[in-house]
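Engineer: With the sequence up front, the predicted model follows.
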Amino acid sequence: MDIFSAVIQGIIQGLTEFLPVSSSGHLAITQHIFGMQEDNLFFSVMLHIGTLAAVVGVYVKLIAGLLKEFGLMVKDIFTGKFKWSEMNPKRNMVVMIIIGLLPLFLLFIPIPGTDMKIKDLADLFAKSGFFIVVGLSLMTTSLLLFVGDRTNKKTTLRYKEKGILTEKGAGRRRYNVVDALTVGITQCFAALFPGVSRSGSTLAASQLRGINKQTALDYSFILGTPAIVAAALLEGKDALFPDDGKAVTIDYLPVMIGMIVAAVVGFFAIKLFKWLLKTDRMYIFILYTAVVGIIVTVISIIELTTGTNLFHPDQALVF
C-alpha cells in the first residue's frame, strides 16, 4: 500500500465512521467499484484505532468523568451504598451505556445449520453478489434519519407549546433501561448490514424514544467506543495471528499515516455532525443516503439480472 492510498482511505474512514452515511457501506461500494478482492485487515484495525482516538479527543472530559463515576459506582456497590433511584446524571449514563452494550452479545449467537455466528452475516452481505443489500441498507438509513428528525421536530413543538423549551433543545436528557436496550439493539442491527449507519440509526432510535438530540448523539458516540475497541482487538488478533500461520508483512509508514489521517478527519467529522444536528441540517444526510442507496440498488438489480459485474465484467459476482 502506498502513502496516497493510505491517506485517501484514512479520509474516507474518518468521515464515514462518524457522519451518518455508513463506513461499512462506503467500504463495500469502494471495493465493488475498484474490484478489490481482499482487505488489509491490519490496516483496517489501525484505521479503527484512529477513529477511536477521534472520539476520545472530542469527548475526553466526558469520558474521564464517566470513568471516574464508574469507579465510584463500583465502590458504592461493594459498600452497599449504591441506590438506583439516586443516580446522578453521569452515573445514569454509565449504567445505561453498560445496558446498551448487552445486546452486542446477540451477535455471537450461532446460526443453526451453519458454522457461522450472527455477526458473520455482515461479511456475507459485503460480498459483490449482495450489493443490493448495501443499497437497501443506505435507503433504510435515510428513512431512519428522516423519522428521527421528524420525531425530534414534533418533540420540539410540544416543548414550545408548553413553554419549557430551553437553549439546550427539547427532549429528555436521561436514559432509562428501555431507551438503552432500544439503542443497543439498533446498534446490533447496524453492525449486520453494510449501509445502515451506526451513528445515524442509534441517533434516530434515541430520538424516537424522546431523547434530546444532542444528548442522543453524545450517547451514540460513547456507546460506540467499547464496540470499536472490541472490534479492533478481535480483528487485530486475526490480522497478526492468521489461522494459516503465515508471517504477516506490515509496511508501517502508510499504516501510521492512514491512522493519523483517520483520527484527524474523524475529530472534525464529529464536530461537524454535532453542528449540523444543532442547526437542523440533517436533510443533507437524509438526501445523500437516499440518492446513493437508490443508485446502488439500481446497479445491483442490473447486475443480478445480467449476472455481470458492471465495473469489472471479468469478475464473477461473489455470494
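Structural biologist: Yes, it's here.
Engineer: any idea of the mean pLDDT for stretch 88-105?
Structural biologist: For stretch 88-105, mean pLDDT rounds to 95.
Engineer: Pull out the buried residues from that stretch.
Structural biologist: 90-97, 99-101, 103-104 (16 or more other CB atoms under 10 Å). Bear in mind the C-beta positions are built from the backbone N, C-alpha and C, glycine included.
Engineer: ok, the residue lying closest to residue 124 once chain neighbours are set aside to residue 319 distance?
Structural biologist: For residue 124, ignoring the flanking residues on the chain, the nearest one in space by CB to CB, 6 or more residues apart in numbering is residue 130 at 6.7 Å. Residue 130 sits 7 Å away from residue 319, going by CB to CB, to the nearest Å.
Engineer: Looking at those two, which one has more neighbours?
Structural biologist: residue 130 (20 against 8; other CB atoms under 10 Å).
Engineer: Strands of the stretch 201-319 of the chain, residue ranges please.
Structural biologist: Applying DSSP state E, counting those that start in this stretch to the stretch 201-319 of the chain gives no strands.
Engineer: Could you pull out the helices in it for me?
Structural biologist: Counting by DSSP state H, counting those that start in this stretch, residue ranges of the helices within the stretch 201-319 of the chain are 213-240, 252-278, 283-306.
Engineer: Let's have those in a markdown table, adding distance to residue 65, mean neighbour count and mean pLDDT.
Structural biologist: Listed next are the helices of the stretch 201-319 of the chain as a markdown table, based on distance: least, CB to CB, whole Å; neighbours: other CB atoms under 10 Å; pLDDT from 0 to 100:
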| stretch | distance to residue 65 | mean neighbour count | mean pLDDT |
| --- | --- | --- | --- |
| helix 213-240 | 11 | 18 | 82 |
| helix 252-278 | 18 | 19 | 93 |
| helix 283-306 | 29 | 17 | 96 |
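Engineer: Output those helices in TSV; the columns should cover distance to residue 202.
Structural biologist: Listed next are those as TSV, based on distance: least, CB to CB, whole Å:
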stretch	distance to residue 202
helix 213-240	4
helix 252-278	13
helix 283-306	14
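Engineer: which one of those lies closest to residue 143?
Structural biologist: If you check each of the helices of the stretch 201-319 of the chain against residue 143 by CB to CB, helix 283-306 wins as the nearest, at 8.1 Å.
Engineer: now, which of the buried residues of stretch 88-105 lie within helices?
Structural biologist: 90-97, 99-101 (DSSP state H).
Engineer: dump the residue contacts of residue 52.
Structural biologist: 225, 228-229, 232 (CB atoms under 8 Å, 6 or more residues apart in numbering).
Engineer: where's it relative to residue 17, distance?
Structural biologist: In terms of CB to CB, residue 52 sits 10 Å off from residue 17.
Engineer: about what we covered before: closest one to residue 42 out of the ones in helices among the buried residues of stretch 88-105, please.
Structural biologist: residue 101 (25.6 Å).
Engineer: Residue 271 contacts residue 59, correct?
Structural biologist: No: counting by CB atoms under 8 Å, residue 271 does not reach residue 59; the two are 11.2 Å apart.
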